[in-house]
Structure formats: C-alpha cells, structure tokens
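>>> just to be clear, the model below is a prediction. Sequence and coordinates:
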There are 6 protein chains.
Amino acid sequence: MTFLEKVKIGVFKCGNIGVAPIFELLLDELAEREDLKVRTVTTGSKMGAEDVEEALPKLFEFDPNLIVFISPNPAIPGPAKVRETLSEKGIPSVVVSDGVAKRIKDELGEQGLGYMIIMGDPLIGARREFLDPIEMAIFNSNILKVLAITGVLRLLHQEIDRLVAIIREGLTPTLPRLLIDTALIRDSSDFQNPYAKAKAMAAYELTKKIAEIDTRACFIEKEREKYIPLVACAHEIAQTAAKLAEEAREIEKYSDTLARKPHSKKGQPQTKAKLMLPPSPDEKVYKRWFKTLQP
Amino acid sequence: MTFLEKVKIGVFKCGNIGVAPIFELLLDELAEREDLKVRTVTTGSKMGAEDVEEALPKLFEFDPNLIVFISPNPAIPGPAKVRETLSEKGIPSVVVSDGVAKRIKDELGEQGLGYMIIMGDPLIGARREFLDPIEMAIFNSNILKVLAITGVLRLLHQEIDRLVAIIREGLTPTLPRLLIDTALIRDSSDFQNPYAKAKAMAAYELTKKIAEIDTRACFIEKEREKYIPLVACAHEIAQTAAKLAEEAREIEKYSDTLARKPHSKKGQPQTKAKLMLPPSPDEKVYKRWFKTLQP
Amino acid sequence: MTFLEKVKIGVFKCGNIGVAPIFELLLDELAEREDLKVRTVTTGSKMGAEDVEEALPKLFEFDPNLIVFISPNPAIPGPAKVRETLSEKGIPSVVVSDGVAKRIKDELGEQGLGYMIIMGDPLIGARREFLDPIEMAIFNSNILKVLAITGVLRLLHQEIDRLVAIIREGLTPTLPRLLIDTALIRDSSDFQNPYAKAKAMAAYELTKKIAEIDTRACFIEKEREKYIPLVACAHEIAQTAAKLAEEAREIEKYSDTLARKPHSKKGQPQTKAKLMLPPSPDEKVYKRWFKTLQP
Amino acid sequence: MTFLEKVKIGVFKCGNIGVAPIFELLLDELAEREDLKVRTVTTGSKMGAEDVEEALPKLFEFDPNLIVFISPNPAIPGPAKVRETLSEKGIPSVVVSDGVAKRIKDELGEQGLGYMIIMGDPLIGARREFLDPIEMAIFNSNILKVLAITGVLRLLHQEIDRLVAIIREGLTPTLPRLLIDTALIRDSSDFQNPYAKAKAMAAYELTKKIAEIDTRACFIEKEREKYIPLVACAHEIAQTAAKLAEEAREIEKYSDTLARKPHSKKGQPQTKAKLMLPPSPDEKVYKRWFKTLQP
Amino acid sequence: MTFLEKVKIGVFKCGNIGVAPIFELLLDELAEREDLKVRTVTTGSKMGAEDVEEALPKLFEFDPNLIVFISPNPAIPGPAKVRETLSEKGIPSVVVSDGVAKRIKDELGEQGLGYMIIMGDPLIGARREFLDPIEMAIFNSNILKVLAITGVLRLLHQEIDRLVAIIREGLTPTLPRLLIDTALIRDSSDFQNPYAKAKAMAAYELTKKIAEIDTRACFIEKEREKYIPLVACAHEIAQTAAKLAEEAREIEKYSDTLARKPHSKKGQPQTKAKLMLPPSPDEKVYKRWFKTLQP
Amino acid sequence: MTFLEKVKIGVFKCGNIGVAPIFELLLDELAEREDLKVRTVTTGSKMGAEDVEEALPKLFEFDPNLIVFISPNPAIPGPAKVRETLSEKGIPSVVVSDGVAKRIKDELGEQGLGYMIIMGDPLIGARREFLDPIEMAIFNSNILKVLAITGVLRLLHQEIDRLVAIIREGLTPTLPRLLIDTALIRDSSDFQNPYAKAKAMAAYELTKKIAEIDTRACFIEKEREKYIPLVACAHEIAQTAAKLAEEAREIEKYSDTLARKPHSKKGQPQTKAKLMLPPSPDEKVYKRWFKTLQP
C-alpha cells in the first residue's frame, strides 16, 4: 500500500465519441492539479486492428496507474483487442463508450474492466453527401454541450476523481459499472430547478433519438433520397438538443444557483453555487467515495 | 521521390486550444481515408517541460511523415522545447496555436516550422471560482462551433490535406505560414450570402474579444469581485458568438447553398452545395495546391 | 351508382388524440364547401363502453355516407365496440388513431375498416401532479402545430377529400391503410427546402419520443420523484418540437415557397405557393385519386 | 333537490372559435372524473339553420343537466335558433362565444342564458388565397396557446366546475355572465410574477388586434393586393402572441411557481405550485362558489 | 425663383415622439450632404406655452427655408402656439406628429401647414411607478426600430428630401398631407418578400395597440394595481414589435434583397439591394417628385 | 449663494453619438420636473466650424446655468471651438463624448470642463454602400438599448441630477470626470443577478468591438470588397449586443428585482425594485451627492 505523489492516467482513444475529444481536460480543467498527470495516445478516427496494435503499446510505456479506454464500438476487432490487452495487463482500466456497448456490458465485467456507457452519446450522420469536417465538428460541439450540461461529464469526471483519490492512497478501487441513461441523469443531477432538470432530461433523450435515426440512416437505408433527409434530421435534433440543454443551464443562472465543482490544486472536489462566492470542499462527494471502500 | 501509400501524421498536443480536441477528426471525418493515418500523443491540459520530455519521444517512434504540434502558448519552456526538437528532426512540421503565438511568428519561420496561428482561438476563463469541468467543456463547445462555421477549421484541414497530397507524391511541400484573422476569414469564406458572412465575421471578432477579456481577468485583475464578472462576461460572449455563427450557417440552409467539402476515400477534396445532390471533386482547391508547387 | 349532392360525414370521437380536436375543420376550413356536411358526436375525454353505447347510435341517426372514428386506443373495450359496430354497419369507415393502434392494424383490415395510424400523435403526460386543464391544452396546441406543419394533417384531409370525391360520384372507394411514420412524412412532404423538411422530420421524430417517455411515466414508474420529471420532460419536448416545426415553416416563408392547398367551394383541391397569387386546381392530386380507382 | 351521481353536460358547437376544439377536455383532463359525463354534438365549421335543425335535437336526447353552446356568432340565424331553443327548454345553458357576441349580451340575459364572451378569441383570416387546412390548424394552435396561458381557459373550466358542483347538489346555480377582457385577465390571473402577467396580458391584447385586422381583411377590403397582406399580418400576430404567452409561462417555471389546478377524481378543484409536490384541495375556489349561492 | 446652394432646415421639437430623437440624422445619415444644413431647437420633454415662447423665436433667427415641427400633441396650448406662429410666418412648414393629431388634420390644412401623422408612434407608459429614464430610453429604442424597419422613416425622409429638392430649385412645393397608417405601410413598402412585409405590418399594428393601452393606463385607470400592469403590458408589446420588425428585416437579408437608399453627397436619392454592390440613383423616386410639381 | 427655482440646462449637440438623441429626455422622463428646464440647440449630423459658429451663440441667449455639450469627436475644429468657448464663458459645462475623446481627457480638465467619456458609444458604419437613413436609425436603436440597459444612461442622468441639485442650491459643483468603461459598468451596476451583470458587461464590450471594426472599415480599408463586410459585421454585432443587453434585463424581470429610478416632480431621485410597489426616495444617492460637496 504505497502513496503515489501523482497518479498517472493513461488514456487510449480509437475512433470518436462525444466525450472523447475533451476527456482529459475534464480531469484538470485549470491545468493546476498536482496529484495526477495524463498521457494520451490516439489513432484518430480510425479503429482498425492494425491501428490498435501499433498505438496501444506506447501507452503502456508511460507506466500508467489507471487506464481509460474510449471508443465507440468496443465489440469490433480493434477495440476488442484493446479490451483483451487491458484485461491481461491488470492495471485498473475503465472503458468509456456509447450505447452500442450496452450489449457487451456483462463481458466487460467478466474481463475485470470498469465501464461507463453513455446511452446518449450518439452515432454521427456519417454519409459523405452530408458529413464533411465542418458538419462533423458542429455535431461534436452540440453533443458536447448536451453531455456537459445534462450531467454526463460530471458523472465521468467524478468517477475518475474517485479512482484517482483511492489509487493515490495505494488502495484498490471498485471500478465503475455505470449505464448512463436518463434515469441516472434524473437521479444524480446538479440542477436546483425542476424544470431545468426536465429540460436537461429532454435534451438527453433527444441524443438517444439521434442515435436511433443515424443508425437507420447509416446502416439500413440504401438510397440517397432516403438517407440524406435522415442524417440531416438527426443533426437538426442535435442542434435542438444543445439549445434545450443551454436553456436548462440558463434557468440556473437566472436564480444564481448554478452548481460549479472545480478541482482544487490537490485534486480535491470542491463545490459552489452563488457566482460571486468561492468554492468550498465538497464533503458529500468525499463521503460517497469512502462508502465505496467499505466492505 | 517515393510515393507513400499512406502518409502518417503525428500529432502532438500539450495544453489545450479550441481546435485541439477535434483536430485529427477533421482530417478523416468519415474514418474512411485510405491515404493517411494519424497517431496522436498528448499530455492533457499540462504543458510543463517534464510532460514534454516524457511524451514527445513516443510520437517519433511512430515514424511520422508530417507532424502537427498544437499548443496554446508555444513560447513557454515546454512547448519551446517541442519546437526546438521538431526543428532539429527535420520532419515537415506545422505549429497550430492561438493569438499569443503571433509574437514568435518570425522565430517559427527561422526554425523551419510551418504555422497556423488562429487569432480567434481565445484563452479560457481560468479562474477557480468560475471554471469547473462543465464550464470548460461548454466553452470548448462554443468556441468549436465558431471555429467550424467561420471557416477556420476549413482552412486548417485544407492546408493539411494539401501537405498530405504533396508528401504522398514524395514531393517537398511549402509549409503554411498563416495568420488566421478576420481578413482571411472574409477573403476565403465558403458563404454564399454576404450577410451570413458578415455574421460569421462578427462571431470571429467576438472570440478575439473573449481573448482580450480573459487575459485581463486571468493575469491582471487580482480581486475576486473584479475578475469573476470578467470571466463570466467572456463566457457569455462565447455563447453569443456560437449563436451568431449558427445563425450564419442557418442562412445558407435557408437558400440550400450550404457548402460541404467531404474527403473522398482516397483523400481527394470534394465539394457540394445543394443538400440532396452528391459531392464532386473540388477542382479549384486542386489547382491552388498545384500552384504552390510551382517555383 | 347515384351522385350525391352532399356527402354526409359522421365523425365519432371518444377519448382524445392530437388530431381529434380540429379534425372536422380540416375538411372545410373556409366553411364554404357545398359538397359535404359534417356531423360529429363525441364523449369527451372518456372512452368507456357505456359512453360508446349511449353516444354512438346518435351518429347513425344522421345517416352518414362516410364515418370517421377517432380514438387513442382502439383496442380497449369502448373503442373496440365502436369498431365492431362500424364493421357490421357496412358504411365506409376510417379509423384515425395513434401509434398504439399499430398492433391491431391487421385486425382493422379484417374488419373492413380503413385506417390512418399516426405514429407521432403521442400520449399526454397524464399524471395529476402535472396535468391540469391548462397543461393539457398547451400540450394539444404544441402537438397540433407539429401535426399541421409536418404534413400529417395534409395526408389526413387529402385522404378524406379523396373518399368524399369518390363517394359523391356514387363509386366505392378504396379505404386508406396508412401508417403515418417519418418515412411517409419524408416522401410526401410539401416542403421545397430540404433543410425545412429535415427540421419537420426532426419535429415528428420528437413526438414519437414523447410517446415513449409518457408511456414510461404513466404506466411504468410508480414513484412521484420518478414520474414527474418524466412527464415534465416529455412536455418540454413537445414545446421544442412545436418550435422546430415552426422553424421549418418559416424557411418556406423566407423564400416565398410555402405551399397552401385550400378547398374550393365545390370541394376541389387547389394549390399555390407564392403568397400574393391565387390558388389553382391541384391536378396532381386529382390524378392520384383517379389512379386508386383503376383496377 | 336531488343529488346527481353524475352531471351530464351536453355541448353543442356550430362553427368554430378558439376554445371550441378542446372545450370538453378542459373539464376532465385526466379522463378520471366520476362526477360528470360529457356528450357533444357538432356541425363542423358550418353554422347554417339547417345544420342546427338537424343536429341540435340529438343533444337533447342525451338528457343533459347542463348545456354549453359554443359558436362564433350567436346573432346570425343558425345560432340564434339554438339560443331560442335553449331558452325554451329551460335546462341551465351557457353560451360561449367571441367578441362579436358582446353586442347581444343583454339579449342573452333576457333569454335566461349564461354567457362567457371571450373578447380575445379572434376571427381567423378566412381568405382562400391564404387559408388552407394547415394554416387554419396552426392558427388554432396559436390561439389555443394564448387562451390557455393567459387564464381564459382557467376561467372557463372553473365556471363550469362551479355549475357542475352546484347542479350535482340539486341546487340552482347562478349562470355566469362573463365578459372575458384584459381587465378580467389581469384581476384573476394565476401568475406570481408581475412581468409574466404583463406579458400574458400583452398576448391577450394581441389576439384582440388579430380580430380587428381579420375583420377588415375578410369583410371590408375587396382586392387581393390589399387583403392578403392583412390576413398574413394577422396570423403573424397570432404566432407572436403564442410566443409571448409561452414566455410568460416560462417565467413561472424559472421560479418554480407555475400554478397547476387539476381536477380530483371526484371533480374537486385542486391546486399546487412547486412541480415536485402533490396538489391539494383549492379551498379558495370552494369558498368563492359558496358565496355565489348565498342570497 | 432663386436657386439655393444649401437649403436650411429649421427643426423645432417640443415634447417627444418616436421619430423625434433621430429626425435630423435621417436627412444626412453620412454627414456629407452639401445641399442642406439643419438647425434644431428643442425644449426637452416639456411642451408648455412658456417653453415655446422662449425657444421658438431662436429658430427663426436661423432664417430657415423649411421648418419641421415635431411634437406629440399639436392641439394643446404650447404646440398650438407653434402652429399658429408657423402659419403666420409663411415659411413652408411641416408638422410631424402622432395619432392624437389625426383629429386636427383639417385644421392643419387650413393653417397652410403640411403634416405627416404617424398613427403607429405611440404614447409612452408615463407612470412614475414604471417609467424611469432607462425604461423611457428602451421604449424609444424599440419604437425607433419599428418605425425604421416598417418604412415610416423612409416615408419621412423621402418627403423632406422632395421638399429640399424643390425648394432648392426656387420652386414652391406641395406640402405633404400624410396619414401614415398600415395601409400606407403596405402600399409603399420596400420589402421584396411578402411575409417580411406582413411581419412589418404586424409590428406596426402592434405600436397602435401600445398607444391604445397606454392611453388607458395614463388617463383612465386611477389605481396602481390597475395601471401598472397595463403600462408594463404596453412596453412588452413594444419589445415584441421591435423583435417582429427585426425578423422582417432579417428575411430580406436572407435573400440579399434588403433595400438601402442612401443620400449622395449632393443629396440625390440613391438605391440598391445586393449588399456587395454600390448604390445607383433612384429614378423612380425622382419621377414621383416631378409629378407632384405638375399642375 | 442664491437658490434657483429652476435650473436651466443648455444642451448643445453637433454630430451624433449614441446617447445624444435622447439625452434631454433622460433628465425629465415624465415631463413633470419642476426644478429644471432644458433648451437644446443642435446642428444635425454636421459638426463643421461654421455650423458651430452659427448655432452655438443661440444657446447662450437662453442664459443656461449648466451646459452639456455632446459630440463624437471633440478634438476636431468645430467641437474644439465649442470647448474653447465654453471654457471662456465660465458656465459649468460638461462634455459628453465617445471613446475618441479619451485622448484629450487632460486637455478637457485643463479647460475647466467636466466630461463623461463613453468608451462603448461606437462609431457608426458610415459607408454609403451600407448606411442609409434606415440602417442608421436601427444602429442607433441598438446602441441606445445597450447604453440604457448596461447602466451608462443611469450614470449620465445621475451626474446631471447631482449638478442640478447642487447648482439649484446656489453652490458650486465638482464637475464629473468620468471615463465610462466596463470596469465602471461592473462596479456601479443596478443589477441584482450576477449573470445579468455579466451579460450586460458583455454587451458593453461588444460596443467597443464595434468601434474598433468600424474605425477600420471607415478609415483604413479602401476597397469596397473589404470594407462592406466589415461595416455589415459591425452592425451585426450591434444587433447582437442589443439582444444580449435585453436578455440581461429580462433576468431581473424574472425575479422581479428590476431597479427603476424615476425622478420625483421636485427632481428628487427615487428608487424601487418590485414592479407593483411605488418608488421611494433614493437616500443612497443623496448621501453620495453630499459627500462630493465636502472638502
């Protein structure tokens, strides 16, 4: 049981989901944390087996104490290879993925991997008549906003914060097994105003609808006349969902009750509501963490 | 002069700027390009010298044919070290950075590095009373939307596309030396409607204003009562800029003239406007590329 | 084969769905049609067997030439009784219902009844902590707007117009068998602008999402803390869907291409686009009607 | 003086006004009331004398204890015939109509009929170049939203609730004599926030403006170039009024003070404000009802 | 018949109406006209007889060739005195006023004064519980926007432009006799899109509604509980009207058809539509001016 | 030391800035103040030396006790002449100008003139291809709204109120020396909600950005293709700034905390927040005024 000065987090990404682009930044938003460092290796939008084989080994060379693996479809060969390797290595590892991963949930458990499956992190409208780099970036912008405001990103960083705190103490953490669906959003939300929460939940439900439509547009419809309107429709929903989420957040601003939970320099969770006041340590979260350590 | 089947792009990121999170995705938005692969190594939000020293060597192990280095402040020790190393290695390298980098523009040239300096990629409101992971993500979402819609991301990916095409032919490319300011946005825009362009330019100018305010809030004002309203003000402008950019894009939708420029499987630039029609090869861009190769 | 001066349409409603409140008005929006008259009998929001038994016979006393039966759940006892009676009477009858009716589609066919099943006509958030008369009316307002703009109401009135035209000639019409889902919306839309259509489709998909959430909130969740946020969330989506639909319609206004299809005094379908011009007979629709009469 | 298990309400509608389509639903929004049942007979958008003569008798066959007659212009022959018949029958009857009815207010009193005249329930833009079934439905959607949010529908259902409660006790109610104008909206509003109320009043005033413009467009202007812009202008105001009303309601959501007044199963008026709490009996309304019974 | 190098316009304002604050600026928006100069004398918000007596003489000391008198209520003593004086002096004079002036229209004609009566330039909500300098300024901002976009300001400056052109030639102009109501807005509008025009007309009708409500609130209602909601309601309508007008203008931007009619240095009317093109002389307006000079 | 019954304020305007058009109205928004009167002389949009020479003398003929001089660029010949004259006359005088005046701040002090320099009162987009009377009026409308809501107009009228109160007592006031920049907006704001204040500050920063862009467009860029997009961009920012300011004000409405500070009949400052309550004397402001009189 050794205390670590800094917990080293290795992040491996292949392919993209909504939370992937800014994942590491969530852990150290002020770039001041002294209790951790992050090293990331990615293969861009590709997730082939050869990509994984070439890139993954580099991550281990960083000697991470905790690994986060982010990928859209952890069942196909490339990502499956990653899971297998992580399972063998025995370093505490968490898979972050989207709704498609739900079906291998049990397998993930058997592999000894933690997971956070984000049901509302939808497939993009990947049709060449529609998707160019700009459309792709806008879609990511919209989804990112929804994931941030609804509380998904909060759940994510708090779970990793917990793991970091426990690993740093030289203890063995319970890995997360989270299916992030609307019920969890509803029950763990930071919103003070119930209508704000309802709007945020609505935004989250909309992202699930996007997934449904884009799946049809990308894998089922074969004719241009049929799939173009569908991907366009899905991305319009993404834009609408982002607006709805934003509206939810505005409500909290209107009553100056917007929760903010920055990390202290030492990595401690802090919390605050009134804008003009400073944050204070978030005792509630601490206690929850302790609990998970009790037998 | 050897033809490369695939150009391997190594991306190194330390610290974060608005284009960083989705940079690689811009190059291969459909994850189908057969002419390149991407490997990224990053150090999260940190940009210390030790972070660089530990992480950068891994990038070279991938044997990249082209390197992109993305960082907010390439003058400070960590990133300076990166630049120095890139300069020594002699692999074609491009620095992507924000307005702060303008003052080392000449130095970058002397180091033999290409650069794309994005004047409208602003500093975040990094004050602990204000910035938590969620606020950080939302800010990134807003800035990403502005950069996408105004044309910054287009300029970025087209420059890299050009380099890839030329390197692939075994030729030596002229590295970009771009200061991406409103004038360039104005003169290279995809917008058909002049009011859409004016709104996009307005959004871009707003991001520069954010940079100005956040710099004051983060580095000059010392009292909470003074800097909190400033960072909050800057992030409100970010939200407004994103809306304004979105409005610009909507105008093009209203007349069905929205430009889309996806990559073909072979990495060729394509272009289209009417939503229901397929894209065709973008001859204009090709010709521009050729030109840069002539003496 | 007798020509009818006026076709008499008997409408029977028990319980409510989104199209029910203004259904008759769709057929004679200017109150000037000389080729039909409408008589409606309803039982308010109730749909019990006794309600049906008392009210339905009055409808037959009007001697209708065509019957339209509108109800949310045609499988439960009251409405089932109506279907059975209609089936026996042999008067051409069309059932208009919501997505729940999809599962008795075949049975409806066997009973010799036409049907128009509107997949995007969602269950209301019927929880007493949430739904009062005002909330109910607002929900209906939002759904009505979506159904109007997306084209559902167009499909509905054109089918009835067709039946009226054919019955009036003393001919026997083919009864409609329509499942009004997004694919039909997409393929039969009046929109000229493809983004307007995509937004309208998005609005329609949202109404289906409402149905899904309200079903969970009304029939599955048992605790107030769980179902109140869900019904509130569903109604927020309804509001959002109405806005999105409205936005779609605005696009057509912006290019002065908004389709209008009023009835002439004689009940002929007319059509127009430019606002300042008069409508002219809609030949396309006529031809489609003829077709259905050919063997 | 006999207690009635269920009060039977007969609703007769000829022609359409904004409150007509969902009137019955207001009385039993959850379809669970055990103290009343509703039977409606309507003639669609037509209001000719022959329509009335054929349809009205059916209503009486239901033996109603209370009759509500809804029509836009109770002075013209068809509706006048209805009033006359109701006056003769002696069943407690209430006329619900729009601003045009104001001028026969006294006559209604002399006929022994109650009335609720809604000054802000405007004439539609009934010009064939403009009004098709879709435009008609959208207009109704907008007006419905305004009537719901401003409090008109609240006044309506509470009056009928009162009549039902009193008739059910076997007592003779005082029939309502209400002119629902902005002053009444102002003085009987459920809004907690005074700006919300001001916005709601503004929305209501706008509906009166619509009536004024549509009257000019439908009955005074004769040339297409003159009346088309007017009906279009009136319907734009309807859309604006709906948005303004919605904004008023949002304000109450923002402070979680939105009043909800559902009916209990037994038909008792209930009331609540905070979204997550259950409703409780509305004592204030009860007391008001009693008062009207005292001599 | 002498040619004037510069026409000198004397403007006298007492009290305020919506067009008053920026009236002179309309005539020389680029401050480059060489054919006129403007001298204004005003008495602030006061319009007492003594104010007039003290201030008006100064105007004559400027020796104006044309006088414009702007005041909200030209029938009360102070402004009546102004009219009388203007009538005696014999210098071509035009009264610009709001709807209240309609009733002295004939008197104005008899006094030999021109007039432009703006029916949609409403009374402000002048109640001390509501109106402070800020609320006053915001109201003026909203009304100004409506008057600008709907075309009222266009009518105003074109009439004065005409007078200047004719007076400059040493000729005697026909003075304007304009009642600027919705019909004139409709018939003389610069809008290309008919829905934009309808929205602008709607905005203008709303300003007339404001006048109606504020008149009630300021002069009829005596209790605070009654008049405060009314003035608040009226100013909400002003805000809404400004938004609606802005929306109308946006439509023209969306199709790049927004009319611009700047003055040339020599004061000639110019016109243009496409944003990126230069203006050209407005022949249509010239011809209209000539016509008014023919007997 | 003589008490004055009415303080006479002479206002001289040449050229235009955002606060100019409604300046006098700020002092007497209800036209009921008995402690002052206002006389204004202006030269329209022109600010040449000859304009000043002709018009300024008239102002002195009114024998003002306090002079306010409003002009956009007090350094150029015309306005410089005004300053010089005011300096000689010795009547307490205050210059109100925009950011350009900052550089002659010290000179103004030396001339014994008070000043209020509004950094966020921007240059208009004065290019003939863009600016016509309508565009000019809309720009003024937008800027006026920003200046009103952010608190600039409050600062202005309170300073003049203070001078009036002191001069009326026969005392000699300290003239204001105010540079109205975002810091002052932040520190003297009436907003209760910190996010409202942040949005207002954002709006104000945007007006400064407009100044920057319009200066470039009007004085630096020479080609139409370059400057038209810039002025259009600047005016889009003005529209956005007005919306943002409006949003800030709405927040205060939502919690019924909007500050209102009307003048009493006797010119005393009053204050209030809850809409339905009457204002009361503003003791805080009084005390501040006294303080400035102490040595």
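Structure received. Just so we're clear, the structure is a prediction, and the values are computed from it rather than from any experiment.
>>> please verify my assumption that residue A:197 contacts residue A:189.
Yes. Assessed by C-beta atoms under 8 Å, residue A:197 is found in contact with residue A:189 at 5.1 Å. Yep, even glycine has a C-beta here, placed from its N, CA and C like the rest.
>>> these two: who's more crowded?
Using other C-beta atoms under 10 Å in any protein chain shown as the criterion, residue A:197 and residue A:189 rank with residue A:197 on top: 25 against 20.
>>> separation between the more buried one and residue D:148?
Counting by C-beta to C-beta, to the nearest Å, the gap from residue A:197 to residue D:148 is 23 Å.
>>> and the contacts of stretch A:210-221?
A:98-99, A:120-127, A:227, A:230-231, A:233-235, A:237-238, A:241, C:205 (C-beta atoms under 8 Å, 6 or more residues apart in numbering or on different chains).
>>> hmm, 6 Å instead?
For stretch A:210-221, contacts defined as C-beta atoms under 6 Å, 6 or more residues apart in numbering or on different chains pick out A:99, A:122-123, A:125-126, A:227, A:230-231, A:234, A:237-238.
>>> any idea how far apart the tips of that stretch sit?
Distance between the boundary residues of stretch A:210-221 (C-alpha to C-alpha, to the nearest Å) amounts to 15 Å.
>>> contacts only, for the residue in the stretch 1-150 of chain A positioned nearest to chain F.
Going by C-beta to the nearest C-beta, chain F is nearest to residue A:149 of the stretch 1-150 of chain A, at 15.0 Å. By C-beta under 6 Å, 6+ apart, the residues touching residue A:149 are A:245, A:249.
>>> pLDDT score assigned to it?
Looking at residue A:149, its pLDDT is 98.
>>> and what of residue A:285?
Looking at residue A:285, its pLDDT stands at 85.
>>> look up the residues forming beta bridges with the closest residue in space to it that isn't next to it in sequence.
Take residue A:285 and drop its neighbours on the chain: the residue closest to it by C-beta to C-beta, 6 or more residues apart in numbering or on different chains is residue A:269, 4.7 Å away. On the basis of DSSP bridges, residue A:269 is bridged to residue A:263.
>>> look at residue A:269 and say how many residues are nearby.
Counted with other C-beta under 10 Å, the neighbours of residue A:269 add up to 23.
>>> my guess is it meets residue A:286, correct?
No. Shown here, residue A:269 and residue A:286 do not form a contact pair, counting by C-beta atoms under 6 Å, at 7.1 Å.
>>> report the residue spans of chain A with pLDDT below the cut-off.
Low-confidence segments of chain A (pLDDT under 70): A:1, A:292-295.
>>> need the residues of it near chain C, please.
Counting by C-beta under 6 Å from any C-beta of the partner chain, chain A comes close to chain C at A:186, A:197-199, A:201-202, A:205, A:209, A:229, A:232-233, A:236-237, A:240, A:244.
>>> for PyMOL, what selects the buried ones among those residues?
What follows is the PyMOL syntax for the buried subset of those, where burial is set by 16 or more other C-beta atoms under 10 Å in any protein chain shown:
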select buried, chain A and resi 186+197+198+199+201+202+205+209+229+232+233+236+237+240+244
